[in-house]
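Participant: Model the structure of this input:
(one chain, ligands or ions: 2)
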Amino acid sequence: MPAQVLNLPAMTAAQVAGDVHVTTLVQAMAGDFVRQGWAVRENFLELARWQALAAEAEQLWEQGAFRKAGIGRVAAQHVDAGIRGDYTLWLDAQRTSAATGFVARELEALRSTLNAAAYLGLFEFEGHFARYPADARYARHLDQPGGSEARRVSVVLYLNADWQAGDGGELCLYPSGPLQATAATAVRVLPRGGTLAIFASADTHHEVRTARRARLSLSGWLRSRA
Ligand code: OGA
Ligand code: MN
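Facilitator: Residues are numbered from 1 along each chain as shown. Ligands and ions are numbered 1, 2, ... in the order given. Got it, this is the predicted structure:
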């Protein structure tokens, strides 16, 4: 793992256990995930919470802190804007704030609930802010680079105000299984502020459709040790 990829320190269970509050919303999402391999909820975070995250991310973007995202094996990352057009900023110990700390506790609740429900052995979260400039996309892909199975559950929290259907930028999920989705039946998620999407990293193909305006998220993976 490259040196800049550090995990949110608040995300180990021991550090946040006292603050974790498992809500019915988290339980419902975990139930959906166990049943169908994905879950989506609008308003997972209330307005003030995700707006604080969006403001923090935009400020860091203005400061030039984001980097062009790579594709493929971690050891041999390259940049192909036609396939993947986003810029990312990894969350790390130096970058925790009240806003990211709150999300860390929500994701810790999700992690422990998923473990209890499905014995996934999820152990930590790694994540980044991601910003797609207008006209960027991420072609259909899976989230387990280099054959590593450590990424078990992909997590995307959207941070965009007033997103309209005509703005594009949908996350399209193609869940695996007997009802393998096609483009026509894919699960489409608009990247509206406060919406959370989670899906099984190993076998859920997905893509980010071209957006007509800049598109911001906090995204990452709940990981096992393997
Ligand atoms: C990714 C990804 C989905 C999204 O970063 O790997 O697929 O909706 N993101 O931003
Ligand atoms: Mn992905």
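Participant: Enumerate the helices of this protein by residue range, in sequence order.
Facilitator: Using DSSP state H, the helices of the chain run over residues 13-16, 24-36, 47-62, 98-118.
Participant: weakest of these by average pLDDT?
Facilitator: Ranked by mean pLDDT, the helices of the chain bottom out at helix 13-16, with a mean of 44.
Participant: neighbours around Ser148, how many?
Facilitator: For Ser148, the tally of surrounding residues (other C-beta atoms under 10 Å) stands at 12. Just so you know, the C-beta spots here come from the backbone N, C-alpha and C atoms, and that holds for glycine as well.
Participant: before we move on, what about the one 10 residues further on?
Facilitator: Tyr158 sits with 26 neighbouring residues when counted by other C-beta under 10 Å.
Participant: Show me what the nearest residue to Met29 once chain neighbours are set aside bridges to in the sheet.
Facilitator: Nearest non-adjacent residue to Met29, counting by C-beta to C-beta, 6 or more residues apart in numbering: Ala39, 4.2 Å away. Taking DSSP bridges as the rule, Ala39 bridges to Ile198.
Participant: My guess is Ala39 contacts Leu25. True?
Facilitator: No. With contacts counted by C-beta atoms under 8 Å, Ala39 stays clear of Leu25, the gap being 10.2 Å.
Participant: neighbour-wise, which of those two wins?
Facilitator: Between Ala39 and Leu25, counting by other C-beta under 10 Å, Ala39 is the more crowded of the two (23 against 15).
Participant: List the residues that contact the more buried one.
Facilitator: For Ala39, the contacting residues are Ala28, Met29, Ala30, Gly31, Asp32, Phe33, Ala197, Ile198, Phe199, by C-beta atoms under 8 Å, 6 or more residues apart in numbering.
Participant: now those residues as TSV including distance to ligand 1?
Facilitator: Below are the contacts of Ala39 laid out as TSV (distance: C-beta to the nearest ligand atom, whole Å):
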residue	distance to ligand 1
Ala28	21
Met29	16
Ala30	20
Gly31	22
Asp32	17
Phe33	16
Ala197	7
Ile198	11
Phe199	9
